[in-house]
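In: Got a sequence here, can you build the structure:
(chains A, B and C)
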Amino acid sequence: MQTKSRIHFSNMMKELNEQILKMGIYVEEAMKKAVAALRDQNIELAEEVIKEDDRINEFELELFDKVSILLATEQPVATDLRHLTGAIRIISDLERAGDYAVHIAKGAKRLAGETYITPLQQIPEAADMARQMLKDALTAFVNSDEELAREVASRDDVLDKLHKKLIKKMLKYMNKDSEAEIEQAANLMFLARYLERLGDHITNVCEWVIYSKTGKHPEL
Amino acid sequence: MNNSKLSVKDLDFYYGDFKALHNVSMEVEKNKVTALIGPSGCGKSTFLKTLNRMNDLVEGSKVHGTILYDGEDIYGKYDIIQLRKKVGMVFQAPNPFAMSIYDNIAYGPRIHGIKNRKVLDQIVEKSLFQAAIWDEVKDRLNKPALGLSGGQQQRLCIARVLAVEPDVILMDEPTSALDPVSTSRIEDLIDELKKDYTIIIVTHNMQQAGRISDSTAFFLHGYLEEMGQTETIFFNPSSKKTEDYISGRFG
Amino acid sequence: MSILLNTQTPVTDISIEALVNSEQRKADTHYRKSKRANTLATITLWSAAALTLAILVYILGFIIYKGFRSDNILETDYINYGTIESPLPWQSDDTIMIVNSDVRLKEINGDNLESLLKGKPSNWGNINEQDLDVIPYVLDTAEGNFGKKTIIKNDVESIAAAVENQVGAFGIIPAADADKIDGYKLNVIPVWSLGIGVSPTVLEIKDNKKMRFIDGDMLKDILRGNISNWQEIGGIDLPITLVIPPAGSYEYNAYLELAGISEDELPDTGISTGNPAEYIEQINKLDGGIGIIQITAAEANDMKTLKYQYRKTGRNIQMWFLFEEPKRAGRVGGVSSIIINTIYMVLLTVLFSTPIGIGAAVYLTEYAKQGRLVKIIRLGTETLAGIPSIIFGLFGFIVFVDYMNLGIGLLSGTLTLTLMILPTIVRTSEEAIKAVPRSFRAGSLALGAGKWQTIYKVVIPAAAPGILTGVILAVGRAVGETAALLFTMGFDYRRVENLNTSARVLSTHLYQLVKEGISFDRAFATATILIVIVLAVNVLSTKLVVRKY
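Out: Numbering: from 1, shown residues only, chains lettered A, B, ... in the order given. Below is the predicted model:
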């Protein structure tokens, strides 16, 4: 039944998907750089992330317009419609994800001059995981892959556990008297918290993928 | 079920040897707008015409199955004139008769035996008012109806149907020949009319079906492929064929 | 290899370029050709349309022009010169002719005046195509032979009073009493009395040549002495000898006026005469002699005369032609009863043919199963439409006149016409009914109307303009039909009394006028009325149709 009609619309949808993927790659790149800056205490890299966030923000607005125009001119229904309304939410989630990368980069800048109280372990691990989730969530979106989306969403639990583990670890430092140590521990807790929130946004992306596929709002 | 105005069961329809409708069953709810959609030749217009037996005019047409109107089988003993009075029809192209506006509206009541001028005056005013065209034509009731614009003509035709006090109004692509402004006026009118009438409308315009109907039936190759609440059909249809059709992927 | 490549590549490029160029040229040529063909077609089609229009305008214009304007070359014994006070041979003094103002008379010649006074004819018809009794009045002192009906009065005033009041009356009074008729409403008519007297030698035949007539220009040239030989105006080789009337006589004054000269300018070649007797003698005696002379005098003296040829123009059809009854096979009077007969005929034909025609058309389009029978009926009607009308006439004569014993008359004629135009009405009505959109019928049926209600109230009114067009076409045919009426309707030009009365209509009247050689002027006048009636019916019906829808 899938004949060659609405070629223009199909092409536009394809282009939109590609651009969302591209936006995802920017976000992923930002996360990667932000965490690297944190790990290596590299201020320049952190600055780069902060600067490049503008690009992500602009991208969000651009894609928002694009979706609006498609809604106006092509008047999609059913799956197409849900895909587009989902896309609006997804790009906004991606933008938020980008913001968290910026927060992490800012934290990295703050902590650049300090000696870490403990080797960073959970944060890079969580960041890698979050990046992988983001990649997979976007793949699920582009392919309307409900299974993958659910699987990605389930990984959020692991991320949450990592977060909790880190909190516990940091709380130990909070009990110490060294003000510097307490402050660093608090900072690191915040950074972990950002990663956790990032994971939530990726879960949101997964929810929209499932919604656009099924028309139902899943509880993930 | 009590709300059902028309109840179609296992309807088969033949043009000679060609089977145009296969085993169609449908409940049409009272005071609701039901949209019939589907690609050309899918049988939706044929189905519409079986509801007031306009298909009887086609030579060699045959009907199997039952259509109950308020519980009575219209292909049974039901008087065909009474049926067409109760189940009115508006056509694709506006078809006012070559008469004055007044005579067009009074035509139906006259053939049903109303001769009193005062009564006719009342019916004409009421019908034109209901069809939201009274203000535009009240000063020229004796002018030829064919001098009106296309959109006005179509509303006049709706008024003409209303004049015989029907119960159900069938509309066969009533806006396909009209410009967008006239179209939206007719759509507003349909929305208004569903308070008092049950409306079944065939349309090729998906957006229109989405806008004005309460339930939508999708016909394909003579079969009723899917029927349901319009929101469901347009947001999350269960049939892949329906989805492909409404999103313009075929047809 | 490399050399080959090097040389080959540019060659290919050039040939591609050449190919493109030649394709471009071909396309240009094609474009020019198609443009030329277009222009040619436009010009050709325009010419065809213009030619058609020109022919149409020419035919209609010619007939209507002839209908409104008569233009004839006439030859009479009399020169078209007359004065109000004119000498008549049976009167010793000059006289004046007075005529009742209802009599359409502009001038009269001596012969006609004499016969009117003798009471033959007793009707003005012969003189001016007017159906009126002639009532002549003369004074008791008048000389001459008068008919029995001539009324003799003893004073001018009573003649004038009688002529004023009695339709068809005229009188002769002495010119001396001209002042006595002042104040009476009557017309004074100039009388033509002069002719062209010639010597017998002029009329001799030589070399197949013979002098037959003289027209106004020739006469003027002769009277002025500008022409010296009869040869110059179509006669034999003979010198012209102009004889000048005795000075002071009626002829002398007329001579000066006709020649357009004064007394001092008399031509040198002219031979003057002293008295009427000498004048007549000179004309007769001299070789090639010519002189203007009163016709009665010429007759009395056995003088030869030449015919005078002149062109008579004037209005042809006038109001009286529409409102007067025809008399004497249409020679006299108008065509009023014939117009009325025509209207009766058209009304009856429409009355008979329209219901049958529309009924048949409705049946064929709406009721009949579109099978072989309908095809045969259609073929039949189309064939009937193509049959020459004279055959309908023959059929009508055999069936209606003879077999059904209706006699030659209005009924037989209209029934024949009905048969003749029925196919046209059926065909056009069928087309008109078919052209009513299916959606009209559907709309009506969907409102619960029955089939007949739908046809009667929706389809036929919507088809009415088309049907009316067909009926008008048919009426046009019926109004102009002659052949079908020859054997069936008769030629009685009186107004029809009942359905069996023989009746003449405009077309058959026209036919008779030409066939009997009665008058082309009248034929064209009748044709104009026919055309105007057809046009009027057309315009009127279009107006009717437009007003209703």
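
In: Now do the SS call for C:Arg314.
Out: One thing to correct before we go on: residue C:314 is Gly, not Arg. Secondary structure, DSSP: H, G, I helix; E, B strand; the rest coil: C:Gly314 is strand.

In: Spatially nearest residue to it, not counting backbone neighbours?
Out: Excluding the flanking residues, the one nearest C:Gly314 by CB to CB, 6 or more residues apart in numbering or on different chains is C:Ser70, at 5.6 Å. To be clear about C-beta, it is placed using only N, CA and C from the backbone, and glycine gets the same treatment.

In: just B:Ile80 next, same as before
Out: B:Arg53 (5.7 Å).

In: residue contacts, that neighbour?
Out: For B:Arg53, the contact set (CB atoms under 8 Å, 6 or more residues apart in numbering or on different chains) comprises B:Ile74, B:Tyr75, B:Ile80, B:Leu83, B:Arg84.

In: measure it to B:Arg84 for me?
Out: Relative to B:Arg84, B:Arg53 is positioned 7 Å away (CB to CB, to the nearest Å).

In: pretty sure C:Tyr78 contacts C:Val191?
Out: No - using CB atoms under 8 Å, C:Tyr78 makes no contact with C:Val191, being 9.6 Å away.

In: quick one: low-confidence parts of chain B?
Out: B:1-2, B:251 (pLDDT under 70).

In: quick one, strands of it?
Out: B:4-15, B:18-29, B:33-37, B:61-69, B:72-73, B:87-90, B:168-172, B:198-202, B:215-220, B:223-229 (DSSP state E).

In: A:Leu198: what's it in contact with?
Out: A:Leu198 neighbours (CB under 8 Å, 6+ apart): A:Met31, A:Ala97, A:Tyr100, A:Ala101, A:Ala130.

In: Which strands or helices does the helix or strand where the first one lies pack on?
Out: So the one you mean is A:Met31. Assessed by DSSP states H and E, A:Met31 sits inside helix A:7-40. With contacts taken as 3 or more CB pairs under 8 Å, 6 or more residues apart in numbering or on different chains; DSSP states H and E, helix A:7-40 sits against helix A:43-74, helix A:78-111, helix A:122-142.

In: For chain C, what is the nearest residue in chain A?
Out: In chain A, the residue that lies nearest chain C is A:Gln75 (30.4 Å; CB to the nearest CB).

In: for that residue, what are its contacts?
Out: Going by CB under 8 Å, 6+ apart, the list of residues near A:Gln75 reads B:Met206, B:Gln207.

In: Reformat the helices and strands packed on helix A:7-40 as a markdown table; add mean neighbour count and mean pLDDT.
Out: Formatted as a markdown table, these follow (neighbours: other CB atoms under 10 Å in any protein chain shown; pLDDT from 0 to 100):
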| stretch | mean neighbour count | mean pLDDT |
| --- | --- | --- |
| helix A:43-74 | 16 | 92 |
| helix A:78-111 | 22 | 91 |
| helix A:122-142 | 21 | 90 |
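
In: do you know which of those lies nearest C:Leu513?
Out: Of all those, helix A:43-74 sits nearest to C:Leu513, with 79.9 Å by CB to CB.

In: can you list the residues of the stretch 101-250 of chain B near chain C?
Out: B:Tyr107, B:Gly108, B:Ile111, B:His112, B:Pro144, B:Leu146, B:Cys157, B:Arg160, B:Val161, B:Val164 (CB under 8 Å from any CB of the partner chain).

In: Mind doing that once more with 7 Å?
Out: Applying CB under 7 Å from any CB of the partner chain, one finds that the stretch 101-250 of chain B approaches chain C through B:Tyr107, B:Gly108, B:Ile111, B:His112, B:Pro144, B:Cys157, B:Arg160, B:Val164.

In: Of those, which is the nearest to A:Ala186?
Out: Closest to A:Ala186, out of all of these and judged by CB to CB, is B:Cys157, at 76.4 Å.

In: show me what contacts that closest one?
Out: Each residue near B:Cys157 by CB atoms under 7 Å, 6 or more residues apart in numbering or on different chains is listed here: B:Val90, B:Pro94, B:Asn95, B:Pro96, C:Gly443.

In: at 6 Å what do you get?
Out: B:Val90, B:Pro94 (CB atoms under 6 Å, 6 or more residues apart in numbering or on different chains).

In: Quick check: it vs C:Leu379, distance?
Out: 39 Å.

In: same deal with B:Ala131?
Out: B:Ala131 is 47 Å from C:Leu379, by CB to CB.

In: Kindly report the same for C:Gly476.
Out: For C:Gly476 relative to C:Leu379 (CB to CB), the value is 25 Å.

In: now do A:Ile167
Out: 103 Å.

In: Could you check which of these two has the larger neighbour count?
Out: A:Ile167 (17 against 10; other CB atoms under 10 Å in any protein chain shown).

In: Remind me which helix or strand the more buried one belongs to.
Out: Per DSSP H and E: helix A:146-174 holds A:Ile167.

In: Which single one of the residues of the stretch 101-250 of chain B next to chain C is nearest to B:His204?
Out: Among those, and counting by CB to CB, the member closest to B:His204 is B:Cys157, at 18.6 Å.

In: C:Tyr31: neighbouring residues, count only.
Out: The tally of other residues near C:Tyr31 (other CB under 10 Å) stands at 10.

In: Which elements pack onto whichever helix or strand it is part of?
Out: Under the criterion of DSSP H and E, C:Tyr31 resides in helix C:2-68. The contact analysis (3 or more CB pairs under 6 Å, 6 or more residues apart in numbering or on different chains; DSSP states H and E) places helix C:2-68 against helix C:520-548.

In: List the buried residues for the helix it packs on?
Out: C:521-531, C:533-534, C:537, C:541, C:545 (16 or more other CB atoms under 10 Å in any protein chain shown).

In: for stretch C:296-312, same thing?
Out: The neighbour-count check on stretch C:296-312 (16+ other CB under 10 Å) flags C:Thr296, C:Ala297, C:Ala298, C:Glu299, C:Met303, C:Lys304, C:Thr305, C:Leu306, C:Lys307, C:Tyr308, C:Gln309, C:Tyr310 as buried.

In: how close does the fifth one sit to C:Glu204?
Out: For C:Met303, the distance to C:Glu204 under the criterion CB to CB works out to 15 Å.

In: same thing with the last one?
Out: Here C:Tyr310 is placed at a distance of 25 Å from C:Glu204 (CB to CB).

In: likewise the third one?
Out: As judged by CB to CB, C:Ala298 and C:Glu204 stand 18 Å apart.

In: Could you export the strands of chain B as a markdown table, including distance to chain A and mean neighbour count?
Out: Output for these, formatted as a markdown table (distance: least, CB to the nearest CB, whole Å; neighbours: other CB atoms under 10 Å in any protein chain shown):
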| stretch | distance to chain A | mean neighbour count |
| --- | --- | --- |
| strand B:4-15 | 25 | 18 |
| strand B:18-29 | 19 | 18 |
| strand B:33-37 | 11 | 27 |
| strand B:61-69 | 28 | 18 |
| strand B:72-73 | 37 | 12 |
| strand B:87-90 | 25 | 26 |
| strand B:168-172 | 22 | 25 |
| strand B:198-202 | 18 | 25 |
| strand B:215-220 | 10 | 24 |
| strand B:223-229 | 12 | 18 |
